[in-house]
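Asks: dropping the sequence and predicted coords here.
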Amino acid sequence: MKIMKFGGTSVGKPERMHQVKDLITRDDQRKIVVLSALSGTTNALVSIGEALADAKKDLAKERIDSLHQHYLTFYKELLTTDAARSKAENIIKEHFEFLNIILKISFNEAINRDILAQGELLSTKLFYTLLQELGIEAVFLPALDFMSIDENSEPELKKIAEKLKLILANYPGERIFVTQGYICKNHRNEVDNLKRGGSDYSASLIGAAINADVVEIWTDIDGMHNNDPRVVEKTRPIAQLSFDEAAELAYFGAKILHPASIWPAQQYNIPVKLLNTMEPDAAGTTITGKEQGTGVKALAAKDGITAIKIKSSRMLLAYGFLRKVFEVFEKYKTSIDMITTSEVAVSVTIDDLSHLAEIVKELEAYGLVEVDKNQTIISVVGNMIAESEGTLAKIMNSLNAYPIRMVSYGGSRHNVSLLLDAQFKNNALKSLNEGLFEW
Ligand code: ADP
Ligand code: ASP
Ligand code: MG
């Protein structure tokens, strides 16, 4: 079996949904089709939740109505028969009635997650209606029946696999299954999600759960590019990446992949392909366990980083110091991205600021604490970077004009990370683009 995941832009217009239909019926292989919400929908749902959290019901209502209008136009272009259109009307009615009921009850976080789930529910149901209209046999697979996370918001891969296999066993002759990305149930059996961009993660988890032949991520660009195409003009797709390289790029900001989406595929050695819905025959990027080529392959940048420096004359010479520092972060379930040390200080970076005040307070017991917000990690990713001659010099020369706050080099063979103030990010990415790649 294979997994075919289509992102928001790939299902965002009626004609694109038709293209997705063509792509999933091009071959006879059994497949699970994972869909995101139509582009713009999850952002709209987030903004509805924000209005409700601020007790601005009128604003929430305005946003619900405007989204509703979008769907009322969408289904008429998507479907042609009366039967299918009437099904779509009922689907849209059901989900917008739900949103309107929420306006009347008291808002909380669990309800917010319910709101966020509406996008993927709508897109999959409308797509399934299209398949029915065209007489394409398929099975609708509700993700909430099998996708789950534990109390630490970690996916329960074993449980997911058990449930999914049981469900699939009911349909031995069926070839196409349609399910939602992003949404899941949590340990309280409430509707939850895998965080923004989480449909990639769903696809990879489903791939791992059923030991798929391949996980295909269909999006709006022809694969992983060697730099962020939203920032840098000249970029090109990379044909091949190892799981480790792709994981580094995803984790350090390449938006094309959810930060955690590589490990499930990597664990079961399932190739991941990044493909372009708008250009289906382009080669895209293939991600496998194989390490190919040496040197720098790509750059990525992760925003919203905060650096914390703990300065203490009692530091490194005293064994156990770092453990104490790390325990503070562990206590507040805050993960550290980068670490650098000197004799008298240690700097770390985090991206989750929910417990910053408590963390700083506890760290003050060990030394002087300084916090720098609005930082960006730029990651240079490739194979054997640490060993490849001249690379570090090229990186540093390219960044001559910018103050670098931290450097992490040699931690793995795949990554050199640099921390800069966010204001330098775009220019730094451009300079590195010129300094590291031949054009
Ligand atoms: P989808 O909705 O299909 O999940 P996303 O918007 O999440 O699509 O991801 C695709 C986008 O990621 C591209 O349109 C591109 O702008 C952005 N992107 C950022 N960095 C990269 C990169 N290194 N390579 C390719 N795309 C990237
Ligand atoms: N719809 C969700 C989002 O916009 C999940 C996804 O698209 O991957 O974040
Ligand atoms: Mg995405």
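Replies: Right, received. Where do you want to start? Ligands and ions are numbered 1, 2, ... in the order given.

Asks: sticking with Glu162, tell me its helix or strand.
Replies: For Glu162, the element it lies in under DSSP states H and E is helix 157-169.

Asks: err, Thr179, not the other one
Replies: strand 176-180.

Asks: still on that earlier bit, in the helix holding Glu162, which residues are buried?
Replies: 157, 160-161, 163-164, 167-168 (16 or more other Cβ atoms under 10 Å). No exception for glycine: its C-beta is placed from N, CA and C like everyone else's.

Asks: and for the closest residue in space to Pro280 that isn't next to it in sequence, the neighbour number?
Replies: Using Cβ to Cβ, 6 or more residues apart in numbering and skipping residues adjacent in sequence, the residue nearest Pro280 is Leu23, 6.0 Å away. By other Cβ atoms under 10 Å, 18 other residues sit near Leu23.

Asks: give me the contact status of the helix or strand encompassing Leu23 with ligand 2.
Replies: Applying DSSP H and E as the criterion places Leu23 in helix 14-24. No: remark: helix 14-24 sits outside contact range of ligand 2, by Cβ under 6 Å from any ligand atom, the gap being at least 13.9 Å.

Asks: residues contacting the following helix or strand past that helix, please?
Replies: Next in sequence after helix 14-24, counting helices and strands by DSSP H and E, comes strand 31-35. Outside strand 31-35, the residues that touch it by Cβ atoms under 8 Å, 6 or more residues apart in numbering are 1-6, 11, 20, 24, 120, 123-124, 127, 138, 141, 175-181, 199, 202-203, 206, 210, 212.

Asks: try 7 Å
Replies: 1-6, 11, 24, 120, 123-124, 127, 176-181, 199, 202-203, 206 (Cβ atoms under 7 Å, 6 or more residues apart in numbering).

Asks: stretch 153-173 now?
Replies: For stretch 153-173, using Cβ under 7 Å, 6+ apart, the contacting residues are 139, 141, 145-150, 205-206, 208-210, 264.

Asks: in PDB, list the C-alpha atoms belonging to it.
Replies: Output of stretch 153-173 as PDB, limited to C-alpha atoms (Å, rounded to 0.1, in the frame of the first residue of the first chain):
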ATOM      1  CA  SER A 153       0.900  14.800  23.000                       C
ATOM      2  CA  GLU A 154       3.100  12.100  21.400                       C
ATOM      3  CA  PRO A 155       1.400   9.800  18.800                       C
ATOM      4  CA  GLU A 156       0.700   6.300  20.000                       C
ATOM      5  CA  LEU A 157       2.100   4.500  17.000                       C
ATOM      6  CA  LYS A 158       1.500   1.000  18.300                       C
ATOM      7  CA  LYS A 159      -2.200   1.700  19.100                       C
ATOM      8  CA  ILE A 160      -2.600   3.500  15.800                       C
ATOM      9  CA  ALA A 161      -1.200   0.500  13.900                       C
ATOM     10  CA  GLU A 162      -3.400  -2.000  15.800                       C
ATOM     11  CA  LYS A 163      -6.600   0.000  15.200                       C
ATOM     12  CA  LEU A 164      -5.800   0.800  11.600                       C
ATOM     13  CA  LYS A 165      -5.000  -2.800  10.700                       C
ATOM     14  CA  LEU A 166      -8.300  -3.900  12.200                       C
ATOM     15  CA  ILE A 167     -10.300  -1.300  10.200                       C
ATOM     16  CA  LEU A 168      -8.500  -2.100   6.900                       C
ATOM     17  CA  ALA A 169      -9.100  -5.800   7.400                       C
ATOM     18  CA  ASN A 170     -12.800  -5.000   6.900                       C
ATOM     19  CA  TYR A 171     -12.100  -3.900   3.300                       C
ATOM     20  CA  PRO A 172      -9.800  -6.500   1.700                       C
ATOM     21  CA  GLY A 173     -10.900  -5.700  -1.900                       C
END
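
Asks: just confirm yes or no for the one helix or strand Ser204 maps to near ligand 2.
Replies: Assessed by DSSP H and E, Ser204 sits inside helix 199-209. Yes: contact of helix 199-209 with ligand 2 (Cβ under 6 Å from any ligand atom) involves 199-200.

Asks: work out the gap between the helix holding Glu162 and the centre of the chain.
Replies: 23 Å (Cα atoms, centre = their mean, to the nearest Å).

Asks: do stretch 387-406 as well
Replies: Worked out by Cα atoms, centre = their mean, stretch 387-406 lies 28 Å from the chain centre.

Asks: right, and Met147 touches Cys184 too?
Replies: Yes: Met147 lies in contact with Cys184 (Cβ atoms under 7 Å); the separation is 3.9 Å.

Asks: compare these two (neighbour count), which wins?
Replies: A count of neighbours by other Cβ under 10 Å puts Met147 above the other of Met147 and Cys184, at 30 against 27.

Asks: and that one, what does it touch?
Replies: 160, 183-185, 202.

Asks: pLDDT at Leu317, what is it?
Replies: On the pLDDT scale, Leu317 is placed at 61.

Asks: residue of the chain nearest ligand 3, please.
Replies: The nearest approach of the chain to ligand 3 comes at Gly197, 4.1 Å away (Cβ to the ion).

Asks: backbone phi and psi for that residue, please?
Replies: In terms of degrees, to the nearest 10, the main-chain angles of Gly197 are phi 80, psi 10.

Asks: using CSV, write out every CA atom in whichever strand or helix holds Leu418.
Replies: Per DSSP H and E: Leu418 is located in strand 415-421. This file holds the C-alpha atoms of strand 415-421, laid out as CSV (Å, rounded to 0.1, in the frame of the first residue of the first chain):
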residue,chain,number,x,y,z
ASN,A,415,24.2,20.0,10.5
VAL,A,416,25.9,23.3,11.4
SER,A,417,23.5,25.6,13.2
LEU,A,418,23.9,29.4,13.7
LEU,A,419,21.9,31.7,15.9
LEU,A,420,21.3,35.3,14.8
ASP,A,421,18.9,38.0,15.7
